[in-house]
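1. mind looking at a prediction? Sequence and model below.
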Amino acid sequence: MLSNVIESLNRITYERIQILKPLTLVDGLSFQRYRAEYTELYLDQIRNASYLAITKMEQASAEEVRHLIGELRKINPSAEICPTHYKDAEEAWWEKLLTGAADVSEPKSEVGSSTPQTETQLPDTFSMEKAYVDAPEPFLLFLEALIRGRYGNIIRAKGLIPAGACALRFDVADGRYSVRLEDPDSAVQETDQNAVAVFIGHGIAKQAIRRVIHQKNIAQRGKIRFTAAANQR
């Protein structure tokens, strides 16, 4: 948790070693879900941040943003909140973020809570390197099933993978997904070295995912390259 990180770093700080004020990114679309599922961990991240930057709310109404800011204020009244995506933040905000030293103080903890805290179960991570799919169409059906819980409670997934004659860059978050078609010529080298699919969540159905997304092993790659070289002769 952020409070534990701050407590550990405070032990090594002095006049020549200082830490910057902590920043927490708040996914506006997933705020309610994360607060409910990872209460202790999530609130600790918000409560101990000096800066809160809201993300994933570019399409939200002004009223929705104001409501989210109000909820964040209840958790951390003293934090400076950036209501727009950080990529649109002014230069002065970045300068303050990168130059402001944190106060050496005790991390903030929840006080006076009558609700017993249960241990937060951290999500699992499943990563597939050298990943590929046979074609784009089955992969789109896979993403539809993924956000509906067919492959577990997936909080986040993303990757860049070859799909037949093209390469797909995908991102899954909060029950939504996006897919971008990469330029085949510029993506060939990148996908050959960095083709990966990453899934974060609980109860990930790893074997079921492997039936859709495959992995190239060393023998397969060697066979493919050998066949390609033989065909050129």
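-> Yep, it's here.
2. show me where this structure has its helices.
-> Secondary structure of the chain (DSSP state H): helices located at 2-10, 31-37, 39-47, 62-75, 91-99, 136-147, 184-194, 206-210, 218-232.
3. so which of these comes closest to residue 124?
-> Among those, the nearest to residue 124 by Cβ to Cβ is helix 206-210 (9.2 Å). (Glycine included, C-beta is placed from N, CA and C.)
4. quick one: list the elements packing against the closest one.
-> strand 124-129 (3 or more Cβ pairs under 8 Å, 6 or more residues apart in numbering; DSSP states H and E).
5. can you pull the buried residues of the strand it packs on?
-> Using 16 or more other Cβ atoms under 10 Å as the test for burial, strand 124-129 gives 126, 128.
6. can I get the CA coordinates of it in CSV?
-> The C-alpha coordinates for strand 124-129 follow below in CSV (Å, rounded to 0.1, in the frame of the first residue of the first chain):
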residue,chain,number,x,y,z
ASP,A,124,-3.6,-12.0,-10.3
THR,A,125,-1.6,-11.3,-13.4
PHE,A,126,-1.5,-13.6,-16.5
SER,A,127,1.0,-12.7,-19.2
MET,A,128,1.5,-14.4,-22.6
GLU,A,129,4.7,-13.5,-24.5
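7. quick one: mean pLDDT over it.
-> Mean pLDDT, strand 124-129: 93.
8. residues contacting it, please?
-> With contact meaning Cβ atoms under 8 Å, 6 or more residues apart in numbering, strand 124-129 is reached by 159, 195-202, 204, 206, 209-210, 213, 215.
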